[in-house]
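**Q** model this:
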Amino acid sequence: MIRRLRFETPIHSVAQSRGKRQGNLPQLKLPIHPISTPPPLFFPYPDWSNSWHLQPTNSSFHTPPPTQTMTLQPQDQLALRILQSVQPQLPQNRSVGIGCIGAGFIMADCHLAAYSQHGLRPVAITSRSHSRAAAVAGRWQIPTVCSTVEDVVAQPDVQVLDVAVPPDCQADVIRRALNAPHQLTGILAQKPLGTNCREAVEIVRLCEQHQVTLAVNQNMRYDQSVRACHTLLSQKSLGTPVLATIEMRAIPHWMPWQERQGWVTLRIMSIHHLDTLRYWLGDPERVFASVRPDPRTARRFPHEDGIALCILEFPNNIRASLWDDVWAGPAREGSAADIGIRWRVEGTDGLALGTIGWPDYPARTPSTLRYSTIADQERWHSPHWDSVWFPDAFIGPMAELLCALEESREPEISGRRNLLTMALVDACYRSAQSHKAESPHEILDECLAQP
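**A** Numbering: from 1, shown residues only. This next block holds a predicted model:
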């Protein structure tokens, strides 16, 4: 009986030898139910049929006869596309010099970990704390520690700037970088892109004036299950979307800078889920939001949006909702905990369910996907991968920016494209105050109308 496919040659070696934009790929597991007669086989990657072996239940590896015909069935082709979609698409040139602004958790434990894994080249770093920047530089072998933003962009090898600072500091950092002598071609900014949509418009315009390509680190788009669901939708495997939901019950570790913002969940957590819904379904026409404070966080600092409930209306009668709950019950106060992020997409022809592994960090818990279509006779498909959102998927946004620069195109996460995500967040805040549905398009138009 056949149980699984195994590769003799390392997958990443095959990909590199054929000029693919694939990185060091995680182990991919495709469950194959034992059967008495082998079905048509499929290969997780195209044109790699010379690199695999079959593992029988009770014998050593063997190669099938060379005359055996291999075919791809429709569901096999879909599984192939799903597994390809969760792999990072890397630039041909990974030697582009990256300058790093910030040395906190996101930069030190996520960005630089992912860049190191895939051979990108950070060459300079700065932070408010020189000692902190020096420690991070030593950890990741970054050759130059600078005292200022201006010093970073003055380094001759720095072509791309990676900004990971609090949202109310981001506009000033980008402005200083662009107004100083530099050789920048691209900037990867953190999300949210500023403190509101109006400030985001200012940042986008500033980068366009200096002819520097701006991308925004909306990294949940690169979570493996999120990309896999996008593939299901783009392939029409679920038919016409009907309803999508994202439910988060998690207790984030709020950074000290959070206290001075006056807001919590919508602009820091919900922005991921709102942007993911845009990635899956397109641009919503309106949103209704209701918020209340989180009892736990309220003991630390005042805020309004600890718990956020949002309903989104999309064209073609598609609906979506997100429930973002950072209270998650008195789990820190003595009760049992039920922590997690679950999502669900229903279509006319299929259903997809998933989980996000991030709440278990630093444990490496992969996100999950299972799906079934009307052609599956009530069976579920459950592709697996070993990679995780934090930190593995953080290669995605920087790699997308570098690929866009190589290919002279707009990044899929460009600053201008991100403006509607920022407007959608503002629409949630406006809706929570007005107690009625608000249009993100109207908010964006208002912001663009400002000089």
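
**Q** residues near the nearest residue to Trp389 once chain neighbours are set aside, how many?
**A** Nearest-residue entry for Trp389: Asp223, 4.3 Å, with adjacent residues in sequence omitted and distances by CB to CB, 6 or more residues apart in numbering. The way it works is simple: take the backbone N, C-alpha and C, and place the C-beta from them, glycine included. Residues contacting Asp223 under the criterion other CB atoms under 10 Å number 28.

**Q** quick check: pLDDT value at Asp223.
**A** pLDDT for Asp223: 98.

**Q** burial measure for the nearest residue to Gln92 once chain neighbours are set aside, as a count.
**A** Nearest residue to Gln92 in three dimensions, chain neighbours excluded: Glu406, at 6.2 Å (CB to CB, 6+ apart). Using other CB under 10 Å, Glu406 has 13 neighbouring residues.

**Q** so what's the gap between the helix or strand harbouring Glu406 and the chain middle?
**A** Using DSSP states H and E, Glu406 sits in helix 395-407. Averaging C-alpha positions (CA atoms, centre = their mean, to the nearest Å) puts helix 395-407 13 Å from its chain's average.

**Q** same question, stretch 343-356
**A** Counting by CA atoms, centre = their mean, stretch 343-356 comes out at 18 Å from the chain centroid.

**Q** state the distance from Gln117 to Arg409.
**A** 25 Å (CB to CB, to the nearest Å).

**Q** with neighbour numbers in mind, choose between the two.
**A** Gln117 (16 against 11).

**Q** distance-wise, check that one relative to Met398.
**A** Gln117 is 12 Å from Met398, by CB to CB.

**Q** now swap in Trp389 and tell me
**A** The value you get for Trp389 to Met398, if CB to CB is used, is 15 Å.

**Q** same question for Val96.
**A** 10 Å.

**Q** give me the more crowded residue out of those two.
**A** Met398 (27 against 20).

**Q** what's the burial count for the closest residue to Gly306 other than its chain neighbours?
**A** Closest residue in space to Gly306, ignoring its immediate chain neighbours: Asp294 at 2.5 Å, by CB to CB, 6+ apart. Residues lying near Asp294 (other CB under 10 Å) number 24.

**Q** these two touch, right, Asp294 and Gly329?
**A** No - Asp294 is beyond contact range of Gly329, at 11.1 Å (criterion: CB atoms under 8 Å).

**Q** report the residue ranges of every domain in the protein.
**A** 2-72, 97-218, 221-391+418-434 (automatic domain parsing).

**Q** make a markdown table from those and add distance to Glu446 to it.
**A** Shown next, in a markdown table, are the domains of the chain (distance: least, CB to CB, whole Å):
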| stretch | distance to Glu446 |
| --- | --- |
| domain 2-72 | 39 |
| domain 97-218 | 8 |
| domain 221-391+418-434 | 9 |
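
**Q** next SSE downstream of the longest helix anywhere in the chain?
**A** Using DSSP state H, we find that the single longest helix of the chain is helix 415-434. Of the helices and strands lying after helix 415-434 in sequence (DSSP H and E), the nearest is helix 440-449.

**Q** could you give me the buried positions within that next one?
**A** With burial defined by 16 or more other CB atoms under 10 Å, the residues of helix 440-449 counted as buried are Pro440, His441, Ile443, Leu444, Cys447.

**Q** quick one, that helix and helix 415-434 angle?
**A** 120 degrees (axes from the mean of the first three to the mean of the last three CA atoms, to 10 degrees).

**Q** kindly export helix 440-449 (C-alpha atoms) in CSV.
**A** Extracted in CSV, the C-alpha atoms of helix 440-449 (Å, rounded to 0.1, in the frame of the first residue of the first chain):
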residue,chain,number,x,y,z
PRO,A,440,-14.1,53.1,3.4
HIS,A,441,-14.2,54.5,-0.1
GLU,A,442,-15.7,57.8,1.1
ILE,A,443,-13.1,58.1,3.8
LEU,A,444,-10.3,57.4,1.3
ASP,A,445,-11.7,60.0,-1.1
GLU,A,446,-11.8,62.5,1.8
CYS,A,447,-8.1,61.9,2.6
LEU,A,448,-7.0,62.0,-1.0
ALA,A,449,-8.8,65.4,-1.4
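
**Q** endpoint to endpoint, stretch 401-418 covers what distance?
**A** 14 Å (CA to CA, to the nearest Å).

**Q** list the buried residues in it.
**A** 401-405, 411-418.

**Q** I'd like those as TSV, with distance to Glu378 appended.
**A** Listed next are those as TSV, based on distance: CB to CB, whole Å:
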residue	distance to Glu378
Leu401	43
Leu402	44
Cys403	40
Ala404	42
Leu405	47
Pro411	41
Glu412	35
Ile413	37
Ser414	42
Gly415	45
Arg416	44
Arg417	39
Asn418	40
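
**Q** out of the residues you listed, what pair is the most spread apart?
**A** Leu402 and Arg416 (18.4 Å; CB to CB).

**Q** quick check: Leu402 touching Gly97?
**A** No - with contact defined as CB under 8 Å, Leu402 does not reach Gly97; the gap is 11.2 Å.

**Q** what do those two both touch?
**A** Val160 (CB atoms under 8 Å, 6 or more residues apart in numbering).

**Q** which of the helices and strands in the protein ranks last by mean pLDDT?
**A** strand 52-56 (a mean of 27; mean pLDDT, DSSP states H and E).

**Q** next SSE after it?
**A** With secondary structure assigned by DSSP H and E, strand 52-56 is succeeded by helix 74-85.

**Q** right, and the helix or strand after that following helix?
**A** In N-to-C order, the element after helix 74-85 by DSSP H and E is strand 97-101.

**Q** what packs against that next one?
**A** Packing contacts for strand 97-101, counted by 3 or more CB pairs under 8 Å, 6 or more residues apart in numbering; DSSP states H and E, involve strand 121-126, helix 149-154, strand 158-163.

**Q** now, of the ones you listed, which is deepest in the fold?
**A** Neighbour counts (mean count of other CB atoms under 10 Å) averaged over each of those peak at strand 158-163, with a mean of 24.
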